[in-house]
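*Asks:* predicted model, plus sequence, below.
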Amino acid sequence: MTDQDIEKGKQNAIISYITIFGVIIAYYLNNENDKKSPFASFHIRQSLGLWLSFIVINLSITRNFDVFRLRAAIYVFFFTLIIYGLSNAIGRKYQPIPLLGNLFQKLFSNLGK
């Protein structure tokens, strides 16, 4: 991947980590161009996986258990992963998120291609 490809997709990659709506906006911005950015597509898949996992876990696990420490641990875990992904996008790195990043790339492989 060239520096030109990374620079073209950097803005969309950063936008994708800003809430679930940022993923939707970045996806459409990346797809409106004739030539899609593989860098932006990579980070859109990462952030989509993170936000969907956060929503599913938040709705299923934390709603059934009213334990503050469990909720706090889940929020800190996902917030840390989102900051990690965002810092990779800002730093122009093509690196998956720890633990879950490779799974997200496989699950959403058709997204952005």
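*Replies:* Arrived safely.
*Asks:* residue contacts, the residue nearest the centre of the chain?
*Replies:* Nearest to the geometric centre of the chain sits S47, at 0.9 Å (Cα atoms, centre = their mean). S47 makes contact with 16-17, 22-23, 26, 82, 85, according to Cβ atoms under 8 Å, 6 or more residues apart in numbering. In short, each C-beta sits where N, CA and C put it, glycine included.
*Asks:* now with 10 Å, please.
*Replies:* Neighbour list for S47: 13-20, 22-23, 26-27, 81-82, 85-86, 89, 97, 104 [criterion: Cβ atoms under 10 Å, 6 or more residues apart in numbering].
*Asks:* drop anything exposed from those residues.
*Replies:* Buried subset of those (neighbour count, 16 or more other Cβ atoms under 10 Å): 13-17, 22-23, 26-27, 81-82, 85-86, 89, 97, 104.
*Asks:* which among those residues gets closest to L111?
*Replies:* Y27 (7.4 Å; Cβ to Cβ).
*Asks:* quick revisit: which pair in the buried ones among the contacts of S47 spans the largest distance?
*Replies:* Y27 and L81 (19.3 Å).
*Asks:* if anything else comes up later, I'll come back, but that's it for now.
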